[in-house]
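J.: what would the 3D arrangement of this be:
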Amino acid sequence: MNRPHLHCPTCGQPTRHDDLEGVIIDRGLTRSQAEILRAIVGAKGRTVTHDHILDALYRDDPDGGPEYARTIVTVFISQLRKKLAGTGIDIMTVWGVGYRLDAAKARLPR
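T.: Predicted structure coming up:
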């Protein structure tokens, strides 16, 4: 499978990773962005609900995160889409439910 070329965020040199963790490193994702991406990729094309994403982000918080956590998820998804541009990992919104990968376009790392 043809993998997209990624670039090191530090030196700008092209790199090539065949795994999700490599994409996370190459694209300079934050911990929260990485958790969301892992949840969405792990669902293998199925829709990941907002609640599932909130659980992934705030599993250690007894209150389940701040009141505005759903808004935070929307912001993280927007940032993820920008950082993942050109990788073949396209996150689609399922209105009122959550997010999923666009299976038609997905070139998922292992």
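J.: from here on, contacts and neighbour counts on C-alpha atoms
T.: OK.
J.: could you list the low-pLDDT ranges of the chain?
T.: Scanning the chain for pLDDT under 70 picks out 1-18, 103-110.
J.: do that again at 80, thanks
T.: 1-22, 62-65, 103-110 (pLDDT under 80).
J.: could you identify the longest helix within it?
T.: Taking DSSP state H as the criterion, the chain has its longest helix at helix 69-83.
J.: and for the helix or strand just after it, what's in contact with it?
T.: Following helix 69-83 in sequence order, the next helix or strand is strand 91-94 (DSSP states H and E). The contact list for strand 91-94, computed with C-alpha atoms under 8 Å, 6 or more residues apart in numbering, reads 47, 77, 81, 99-102.
J.: can you do 6 Å?
T.: By C-alpha atoms under 6 Å, 6 or more residues apart in numbering, the residues outside strand 91-94 that reach it are 99-102.
J.: sheet partners, orientation included, of it?
T.: strand 98-101 (antiparallel) (DSSP bridges).
J.: for the partner strand, list the C-alpha coordinates in CSV.
T.: Taking C-alpha atoms only, strand 98-101 is exported to CSV below (Å, rounded to 0.1, in the frame of the first residue of the first chain):
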residue,chain,number,x,y,z
GLY,A,98,-19.8,11.8,16.7
TYR,A,99,-17.1,11.2,14.2
ARG,A,100,-15.8,8.4,11.9
LEU,A,101,-13.1,7.9,9.3
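J.: many thanks, I have nothing further to ask.
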